[in-house]
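> have a look at this prediction, sequence included:
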Amino acid sequence: MKTVKKYFNNAFSANLDKGLLENEGIRAEVLHQNMPYMGISEKLAVELIVNDEDFDRAKKILEEAENNMMSIDESDVPEEES
């Protein structure tokens, strides 16, 4: 198993990404999400891990998802009704 991404103080995001990968057929696990001092150092980060053979595909899926989130601007958000 390989660490595809580390999260500092954010187990919620790790679990969202885990769900994203699982929806794409990639088995993923979140490690260290219940550590009392997570996020203090890289050694205590929450980790998202996948099987070695899924690593490259998982990395690509997460990068694409992050790029899509970063490209959302105000024109993508519906206006509030008065």
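Everything's here; your move. Numbering: from 1, shown residues only.
> what about the strands in the chain?
In the chain, strands defined by DSSP state E lie at 2-7, 28-31, 46-50, listed in chain order.
> now do the closest residue to Lys6 other than its chain neighbours, the pLDDT please.
Counting by Cβ to Cβ, 6 or more residues apart in numbering, Lys6 lies nearest to Ala45, which is 4.2 Å off, once chain neighbours are set aside. C-beta coordinates here come from the backbone N, C-alpha and C atoms, glycine included. Ala45 carries a pLDDT value of 84.
> got it, and Ile40?
Listed pLDDT for Ile40 reads 57.
> just checking, Gln33 touches Asn10?
No - look at Gln33 against Asn10 with Cβ atoms under 8 Å: they stay out of range, at 9.5 Å.
> common neighbours of the two, please.
The contact sets of Gln33 and Asn10 overlap at Val46 (Cβ atoms under 8 Å, 6 or more residues apart in numbering).
> list the contacts of the helix or strand of the chain with the lowest mean pLDDT.
Of all helical and strand segments in the chain, the minimum by mean pLDDT, DSSP states H and E falls on helix 55-70, at a mean of 92. Residues outside helix 55-70 that contact it (Cβ under 8 Å, 6+ apart): Lys2, Val4, Lys5, Asp17, Leu20, Leu21, Glu24, Ile26, Ala28, Val50.
> mind running it again at 7 Å?
Lys2, Val4, Lys5, Asp17, Leu20, Leu21, Glu24, Ile26, Val50 (Cβ atoms under 7 Å, 6 or more residues apart in numbering).
> residues in contact with the fourth one?
Which is Asp17. Contacts of Asp17 (Cβ under 7 Å, 6+ apart): Lys5, Leu48, Leu62.
> now with 6 Å, please.
When contacts are counted by Cβ atoms under 6 Å, 6 or more residues apart in numbering, Asp17 touches Leu48, Leu62.
> how confident was the prediction at it?
pLDDT, read off for Asp17, is 97.
> check the third one too.
Lys5 carries a pLDDT score of 96 in this model.
> just the last one next, same as before
In the predicted model, Val50 carries a pLDDT score of 98.
> and the residue most central in space within the chain, how far from Asn68?
In the chain, the C-alpha nearest the mean C-alpha coordinate belongs to Asp17, at 3.3 Å (Cα atoms, centre = their mean). Asp17 sits 13 Å away from Asn68, going by Cβ to Cβ, to the nearest Å.
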